[in-house]
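Visitor: Show me how the following folds:
(2 chains)
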Amino acid sequence: ILNVEQSPQSLHVQEGDSTNFTCSFPSSNFYALHWYRWETAKSPEALFVMTLNGDEKKKGRISATLNTKEGYSYLYIKGSQPEDSATYLCAFDGSSNTGKLIFGQGTTLQVKP
Amino acid sequence: DAGVTQSPTHLIKTRGQQVTLRCSPKSGHDTVSWYQQALGQGPQFIFQYYEEEERQRGNFPDRFSGHQFPNYSSELNVNALLLGDSALYLCASSFGLGGNEQFFGPGTRLTVL
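Guide: The predicted structure follows:
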């Protein structure tokens, strides 16, 4: 059974703090790692699709790194803002021709003004 | 572009009943995947449709079935509902198979009483 783990489960930070979360996934049969941001009552929004070991991607204040050999990815948020409050999900795609995503349970971030 | 749309938004059924959920993919997308998100968990893959055929299936019983229409829209059917089927059902669309970015709809909240 493939397991994708995210930590921490929840996080409370003050506005302006920088923070990071971890996603652990199987290191074999890797094809892609997806990060999503999911705000309450909205659709999950794709942040990054990462495929190469050592990959680093950035979108505004949010960035992510990928280590496929050891099976982990970090998501960083620099200078957190209240609008960053959401659940951040990672999803592992272990095959090149299915797109069957295996999700972690998510990290819920609350940014206090 | 309306993005991925799902209907209905909410649904209440009783045990033993049958339910049909609907999904319209993002314009230009031809692949639809369905996920179930139970409380406190990450989304779990149910199945994926491409070219009107079920291509991949997760660990869900045969009570869960689906269909894809020529216009790429899709239905998820669940027969003989159980209390444990209460969850948020998410639809995601993408172009082709493989590790392409998946765009999610807002989900259908199913409550089984």
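Visitor: Over to residue B:85: give its phi and psi.
Guide: When read as degrees, to the nearest 10, the backbone of residue B:85 gives phi -80, psi -10.
Visitor: Can you tell me who residue A:5 pairs with across the strands?
Guide: residue A:24 (DSSP bridges).
Visitor: how about it, what does it touch?
Guide: A:23, A:24, A:25, A:104, A:105 (Cβ atoms under 8 Å, 6 or more residues apart in numbering or on different chains). For every residue, glycine as well, the C-beta is placed using N, CA and C.
Visitor: try residue A:82
Guide: Listed by Cβ under 8 Å, 6+ apart, the contact partners of residue A:82 are A:15, A:111, A:112, A:113.
Visitor: Count the neighbours of residue A:66 for me.
Guide: Residue A:66 sits with 24 neighbouring residues when counted by other Cβ atoms under 10 Å in any protein chain shown.
Visitor: Skipping its backbone neighbours, what lies nearest residue B:63 in space?
Guide: Of all residues beyond its chain neighbours, the one nearest residue B:63 is residue B:79 (4.7 Å), with distances taken as Cβ to Cβ, 6 or more residues apart in numbering or on different chains.
Visitor: Would you mind stating the distance between that neighbour and residue A:57?
Guide: Relative to residue A:57, residue B:79 is positioned 42 Å away (Cβ to Cβ, to the nearest Å).
Visitor: Residue A:88 now?
Guide: Residue A:88 is 14 Å from residue A:57, where distance means Cβ to Cβ.
Visitor: before we move on, back to that, now the contacts of residue A:82: which count as buried?
Guide: residue A:111 (16 or more other Cβ atoms under 10 Å in any protein chain shown).
Visitor: Not counting sequence-adjacent ones, nearest residue to residue B:47?
Guide: Counting by Cβ to Cβ, 6+ apart, residue B:57 is the residue found nearest to residue B:47 once chain neighbours are left out, at 4.5 Å.
Visitor: what about the one you found, distance to residue B:65?
Guide: Residue B:57 sits 10 Å away from residue B:65, taking Cβ to Cβ as the criterion.
Visitor: repeat for residue A:73
Guide: According to Cβ to Cβ, residue A:73 and residue B:65 sit 34 Å apart.
Visitor: Give me the more crowded residue out of the two.
Guide: Comparing residue A:73 with residue B:65 by neighbour count (other Cβ under 10 Å), the higher total belongs to residue A:73, at 23 against 16.
Visitor: Could you list every helix and strand in contact with the helix or strand hosting the more buried one?
Guide: Residue A:73 is part of strand A:72-77, with elements assigned from DSSP states H and E. Helices and strands touching strand A:72-77, by 3 or more Cβ pairs under 8 Å, 6 or more residues apart in numbering or on different chains; DSSP states H and E, are strand A:19-24, strand A:32-38, strand A:62-67, strand A:86-93.
Visitor: Let's have the ones you listed in a markdown table, adding distance to residue B:106.
Guide: As requested, these are exported to a markdown table (distance: least, Cβ to Cβ, whole Å):
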| stretch | distance to residue B:106 |
| --- | --- |
| strand A:19-24 | 24 |
| strand A:32-38 | 10 |
| strand A:62-67 | 22 |
| strand A:86-93 | 14 |
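Visitor: Many thanks, we can stop here.
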